[in-house]
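1. Show me how the following folds:
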Amino acid sequence: MKRFAYAVVGAVLVVAGLAQAETAISVMPLGDSITAGTTPGGYRKPLVEKLTTKYGLTVTTVGTQIDKALDEGHQAHEGHGGWRIDQLSDNLLGVTTTDDGAHGGYWLKGEHDTGREAIHPQIITVMAGINDINQFIGNDKTSPMSGRSDKIIKTLQERQTKLVETLTTNLPDSTILVAGCIPYANGLISDQLTGANKQNREKWGKEDGVSEKQENGVNHWVILFNKWIKDTYVPELQKSGKKVYFVDLYADFILPDGSVRGWNNKPPENTAGPAGYGDYGLHPNEFGYHLIGETLADAIHEHLKASPAAK
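-> This next block holds a predicted model:
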């Protein structure tokens, strides 16, 4: 079953209208630490490998960050560990010095003493939102996140809207594939801070239509954010003529019994598949990154086949 639809938060792909006969594409991976990668090459390595070996594309990546774990031509990216959606957005056309990784900002336009020229990537992948959710946790046990859900989701929506609007406005010939966040438990915090106690997990599981096993830590807000992107935001953009599409990465990490692939670095007790995480339910391991990269590569390929220029 296909998990990406031609309708349009955490990952975004921007793909220019390409004829199927055209085999050279440029990719700008944009996002947080999952885009930067916590294993050599992260998801970018399997993404490039599948696009080149299975689909016969010549791929070049662009961005101000350099990952020397990959071959020349595939080293550049725009993954920034710890960055929120709004911080990424602010550096597309301006500069906010969150850390040295901003590289002077103006990632799309260049100039402004950056020593770079404007870029026009045919594809932009964006994975962001986890750090935004993290910064709502706080340390006040009398004010759990469960009591601030409306504010949390509204803020995520506003930030994601600004980011995508910046991309569609400045890259009007590109197509955006928005991929939601992957499951995130945040096993470092207590239920008192999130409100994810047993009663709420049962309630959220029914409301979200998922197994209660997915309602740990802060994942309730990941689910709500993803549903908004898929069911509301992307369709609205498409109705307005925007080339925006959705890719479901979350499903890569869900086992048949409704549990998540090895949260807290423990392989699932059943034999449905290997664990997908390398830490406390946030960063994928090599296998998890492989899942992400392959799903994004498949989504690009399907888009190219569906493009009117390819017919």
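2. Which single strand of this structure contains the most residues?
-> strand 24-31 (DSSP state E).
3. which helices and strands does it pack with?
-> If you count contacts as 3 or more C-beta pairs under 8 Å, 6 or more residues apart in numbering; DSSP states H and E, strand 24-31 packs onto strand 11-16, helix 44-53, strand 58-61, strand 76-79, strand 123-127. In short, each C-beta sits where N, CA and C put it, glycine included.
4. quick one, it and strand 123-127 angle?
-> Taking axes from the mean of the first three to the mean of the last three C-alpha atoms, to 10 degrees, strand 24-31 and strand 123-127 form an angle of 20 degrees between their directions.
5. following strand 24-31, which helix or strand comes up?
-> helix 33-36 (DSSP states H and E).
6. mind listing what's buried in that next one?
-> 33, 34, 35, 36 (16 or more other C-beta atoms under 10 Å).
7. and which of those residues is nearest to residue 290?
-> residue 34 (13.0 Å; C-beta to C-beta).
8. Give me the pLDDT for the residue lying closest to that closest one once chain neighbours are set aside.
-> Excluding the flanking residues, the one nearest residue 34 by C-beta to C-beta, 6 or more residues apart in numbering is residue 127, at 5.2 Å. In this model, residue 127 is scored at 91, pLDDT.
9. now do residue 226
-> In this model, residue 226 is scored at 97, pLDDT.
10. Remind me which helix or strand it belongs to.
-> Using DSSP H and E, residue 226 maps to helix 219-228.
11. Can you give the contact residues for that helix?
-> 9-10, 129-130, 133, 136, 145-146, 149, 152-153, 156-157, 160, 180-185, 194, 196, 200, 204, 208, 210, 214, 248, 250, 260 (C-beta atoms under 8 Å, 6 or more residues apart in numbering).
12. Let's see that with 7 Å instead.
-> With C-beta atoms under 7 Å, 6 or more residues apart in numbering as the contact definition, helix 219-228 has outside contacts at 9, 129, 133, 152-153, 156-157, 180-181, 183-185, 196, 204, 208, 210, 250.
13. same question, stretch 286-297
-> 13, 37, 39, 42-47, 50-51, 55, 125, 179, 247, 249, 252-253, 274, 276-277, 284.
14. Now list the buried members of these.
-> Buried, going by 16+ other C-beta under 10 Å: 13, 37, 39, 42-47, 50-51, 55, 125, 179, 247, 249, 252-253, 276-277, 284, out of the contacts of stretch 286-297.
15. Just give me the neighbour total for the residue nearest to residue 24 when sequence neighbours are not counted.
-> Counting by C-beta to C-beta, 6+ apart, residue 58 is the residue found nearest to residue 24 once chain neighbours are left out, at 4.4 Å. Per other C-beta atoms under 10 Å, the neighbour tally for residue 58 reads 12.
16. And the pLDDT for residue 58?
-> pLDDT, residue 58: 94.
17. Wasn't residue 175 part of a strand?
-> Yes - Residue 175: assigned to a strand according to DSSP: H, G, I helix; E, B strand; the rest coil.
18. Which strand residues bridge it?
-> residue 15 (DSSP bridges).
19. State the helix or strand in which residue 87 lies.
-> Per DSSP H and E: helix 85-93 holds residue 87.
20. So residue 83 versus residue 231, what's the distance?
-> Counting by C-beta to C-beta, to the nearest Å, the separation of residue 83 from residue 231 is 26 Å.
21. more crowded one of these two?
-> residue 83 (27 against 12).
22. before we move on, back to that, for residue 104, which of the helices and strands packed on strand 24-31 is the nearest?
-> strand 76-79 (12.9 Å).
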